[in-house]
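Enquirer: Everything below, folded, please.
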Amino acid sequence: MQDTKLFETILGIQAPWSIARVTLDTSGKRVDLWAEHRDATRWPCPECAQTLACHDHAEERVWRHLDTCQYQTFLHARVPRVDCPTHGVRQVSVPWAEPRSRFTLLMERLIIDLIQQCSTVIGACRIAGITWDEGWGIMSRAVARGQARKVPQPIAYIGVDEKAFRKGHRYHTIVCDLEQATVACVAEDRRTESLGGYYDQLTPAQRDGLAGVAMDMWEPYIQATRTRLPGGDARIVFDRFHIMREMTKAVDLVRRQEHRTFLREDGESPLTKTKYLWLYNEDHLPERHADAFAAVQALELKVGRAWAIKEGLRTLWTYRQGAAVRRFYDRWYAWAIRSRLEPVKKVARMIHRHLDGVLRFVQHPITNGVAEGLNSKIMSMKRKAAGFRNSQHFTTAIYFHCGGLDLYPR
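Expert: Residues are numbered from 1 along each chain as shown. Here you go, the predicted structure:
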């Protein structure tokens, strides 16, 4: 088989295009191919597909293709232009690359795979032998391509959380599809407008199909859901993990206060080196700590009561009937509010202020566990990249790695 026919087969080039010439530079480890087309070929306008005669040719362009063995391969061609009566002079599309790309379709697919596996653009660029700007251009085009192909579909449950972009309280709002475990929207900051912008771009069918929104008790997110989503107040489900985290912090604060009191009065404390014992829940306490924890619990300390109240609250999310969970909550709240433990009472009052959204877990048993998992993935991605130059790059990387988009060129 001649070299020109070989590369036509490899590239999948068909009439009216053909490979006219192949050169091999062994010292530079490079293969160059020149593609030409038949004369008198009529070309479709890229805007309206009207078939027209060739008007002229653009300057010769070069596309990087997959390596031939260990040699870098480059495809050269002068692309025809047509003079459309409606759209004017336009450059026609070529079958081996997308418009404004300097890489063939197969090369772009390879680089997208490399970026996904390396989790960094620079790592993929080192393997592929391209510059950072070229790699980032492919990544940006892939995200734009995926967003354009995305068909609006109703999402039953979403989770809303924030992710720090950099130090100094610079945050991004992350909206996740809890069923597909993908990022549905990324918005700068964590204000009402950040989440409100997502609700505004939903179609009527998507608004109607949205059954529940899992979130923490961050007031701007609450206000955005109440004011920008019809009937939004009845769709809020406050995340149980955030609530339990606040209760765990309250237990730790009680422990610290009691520990200081012991040290001030007696000079020693039975709570020394017990900090992490009180952070475990009852089911996850390691066996090696069981005796030590039982001994300190037997002292009937304030922190023991706080820990018991915290563990009692955990039962709230096991109920599946509204009346039963309400009766349980009333008993728990009375216990917490009469505990004479101010940190515990403070969290109990916070829960009471947002009670409808807390108890709505009975109807919609969703949490932000998926969002926290995606946040961990985003954190790992940010750490490997050693940060991002600006917030737009951070947003693009999140969509690329976590958006569930169709990234590949066709």
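
Enquirer: Point out where this structure drops to low pLDDT.
Expert: Judged against pLDDT under 70, the low-scoring parts of the chain cover residues 1, 168-169.

Enquirer: and it, what are its domains?
Expert: What automatic domain parsing lists as the domains of the chain is 1-96, 157-238+367-390, 240-362.

Enquirer: Quick check: buried residues in stretch 259-266?
Expert: Using 16 or more other C-beta atoms under 10 Å as the test for burial, stretch 259-266 gives His259. Bear in mind the C-beta positions are built from the backbone N, C-alpha and C, glycine included.

Enquirer: Would you check the distance separating that stretch from the middle of the chain?
Expert: 47 Å (C-alpha atoms, centre = their mean, to the nearest Å).

Enquirer: how far away is Tyr157 from Ala334?
Expert: Note on Tyr157: its distance to Ala334, by C-beta to C-beta, to the nearest Å, is 32 Å.

Enquirer: Looking only at neighbour counts, state which of the two leads.
Expert: For Tyr157 and Ala334, the more surrounded residue by other C-beta atoms under 10 Å is Tyr157, and the numbers stand at 20 against 11.

Enquirer: dump the residue contacts of the more buried one.
Expert: By C-beta atoms under 8 Å, 6 or more residues apart in numbering, the contact set of Tyr157 is Asp177, Leu178, Glu179, Leu210, Ala211, Gly212, Val213, Ala214, His364, Ile366.

Enquirer: Find the residue closest to it in space, skipping its chain neighbours.
Expert: Once flanking residues are discounted, Tyr157 sits nearest to Leu178: 4.3 Å by C-beta to C-beta, 6 or more residues apart in numbering.

Enquirer: burial measure for that neighbour, as a count.
Expert: By other C-beta under 10 Å, 21 other residues sit near Leu178.

Enquirer: now do Ser93
Expert: Quick note: Ser93 (other C-beta under 10 Å) scores 14 neighbours.

Enquirer: quick one: it and Pro99 touch, right?
Expert: Yes - if you go by C-beta atoms under 8 Å, Ser93 and Pro99 touch, sitting 6.4 Å apart.

Enquirer: need the longest helix for the protein.
Expert: Counting residues, the longest helix found in the chain (DSSP state H) is helix 240-266.

Enquirer: Can you identify the element that follows that one toward the C-terminus?
Expert: Per DSSP states H and E, the first helix or strand lying C-terminal to helix 240-266 is helix 290-297.

Enquirer: Which strands or helices does that following helix pack on?
Expert: helix 302-314 (3 or more C-beta pairs under 8 Å, 6 or more residues apart in numbering; DSSP states H and E).

Enquirer: Quick check: buried residues in the helix it packs on?
Expert: By neighbour count on 16+ other C-beta under 10 Å, the buried set for helix 302-314 is Lys302, Val303, Gly304, Arg305, Ala306, Trp307, Ile309, Lys310, Glu311, Leu313.

Enquirer: neighbours of Arg288, just the number please.
Expert: 7.

Enquirer: Quick check: Ser339 touching Val347?
Expert: No - using C-beta under 8 Å as the test, Ser339 is too far from Val347 to be in contact (10.8 Å).

Enquirer: When those two are compared, which one has more neighbours?
Expert: The neighbour count for Ser339 versus Val347, taken as other C-beta under 10 Å, is higher for Val347 (25 against 18).

Enquirer: picking up where we left off before, which residues are in contact with both of Ser93 and Pro99?
Expert: Both Ser93 and Pro99 are contacted by Pro46, under the criterion C-beta under 8 Å, 6+ apart.

Enquirer: Start and end of stretch 70-83, how far apart?
Expert: 41 Å (C-alpha to C-alpha, to the nearest Å).

Enquirer: let me fix that: stretch 261-275
Expert: 15 Å.

Enquirer: Renumber starting at 335 from here on
Expert: Fine by me, first position is 335 from now on; the one you just mentioned is stretch 595-609.

Enquirer: neighbouring contacts of it?
Expert: For stretch 595-609, using C-beta under 8 Å, 6+ apart, the contacting residues are Asp586, Arg589, Glu592, His593, Ala626, Phe627, Val630, Leu633, Leu635, Val637.

Enquirer: now do 7 Å
Expert: With C-beta atoms under 7 Å, 6 or more residues apart in numbering as the test, stretch 595-609 has contacts from Arg589, Glu592, His593, Val630, Leu633, Val637.

Enquirer: Including distance to Pro677, could those go into TSV?
Expert: Putting the contacts of stretch 595-609 into TSV (distance: C-beta to C-beta, whole Å) gives the following:
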residue	distance to Pro677
Arg589	10
Glu592	11
His593	14
Val630	19
Leu633	19
Val637	10
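
Enquirer: And the residues you listed, which is closest to Arg723?
Expert: Nearest to Arg723 among the contacts of stretch 595-609 is Arg589, at 42.9 Å by C-beta to C-beta.

Enquirer: need the contact list for Leu693.
Expert: Val659, Arg660, Tyr663.

Enquirer: repeat that with 8 Å
Expert: Shown in contact with Leu693 (C-beta under 8 Å, 6+ apart): Gly656, Val659, Arg660, Tyr663.

Enquirer: Might you specify the subset of those residues located within helices?
Expert: The helices, defined by DSSP H, take in Gly656, Val659, Arg660, Tyr663 from the contacts of Leu693.

Enquirer: Quick check: ChimeraX command selecting the buried ones in those.
Expert: To isolate the buried ones among these in ChimeraX, judged by 16+ other C-beta under 10 Å, type:
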select :659,663
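
Enquirer: Among the ones in helices among the contacts of Leu693, which one sits closest to Thr454?
Expert: Val659 (46.2 Å).
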